[in-house]
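**Student:** Give me a 3D structure for the following:
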Amino acid sequence: MADVPPTIAESGVSGFDARNLFGFFAPKNTPSNVIETLAQAMKDALADAGLRKRLEEQGLQPAYSGPREFRQQTDADFAFFTNVVKRADIRLD
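**Tutor:** Okay, here's the model as predicted:
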């Protein structure tokens with residue numbers, strides 16, 4: 001059996017959280033009523049028992065968050081990983 005690398009926690013990094021986040025984005029200046037309609041459609045879809053079951057069978061934990069919360073999370077993630085890239089001096093070739 002191949003060696004399995006240690007988890008991030010086993011490597012001594014505590015508090016690391018890198019969840020997969022799925023969502024929809026709309027172009028800048030999309031009217032708020034359109035955003036609200038799309039958000040409600042997503043909320044309704046995630047409330048469907050059949051869809052939830054299929055997502056859970058694939059190892060996902062479906063959860064709805066509204067446009068404001070989703071934006072806050074993506075902004076926080078972007079800031080966090082920007083800091084990681086800078087601190088690690090990661091560069092594209």
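**Student:** where in this structure is pLDDT low?
**Tutor:** Confidence mapping of the chain against pLDDT under 70 gives the ranges 1-2.
**Student:** All the helices of the protein, in order from the start?
**Tutor:** Remark: helices assigned in the chain by DSSP state H are 32-47, 49-57, 67-87.
**Student:** and of those helices, who's closest to residue 18?
**Tutor:** helix 67-87 (8.6 Å; CB to CB). C-beta coordinates here come from the backbone N, C-alpha and C atoms, glycine included.
**Student:** so how far is that closest one off the chain centroid?
**Tutor:** 10 Å (CA atoms, centre = their mean, to the nearest Å).
**Student:** cool, stretch 43-50 as well?
**Tutor:** With CA atoms, centre = their mean as the basis, stretch 43-50 stands 18 Å off its chain's centre.
**Student:** got a list of contacts for it?
**Tutor:** 51, 52, 62, 63, 64, 66 (CB atoms under 8 Å, 6 or more residues apart in numbering).
**Student:** Also stretch 10-29?
**Tutor:** By CB under 8 Å, 6+ apart, stretch 10-29 touches 8, 9, 34, 35, 38, 42, 60, 70, 73, 74, 77.
**Student:** Around residue 38, count how many other residues there are.
**Tutor:** 14 (other CB atoms under 10 Å).
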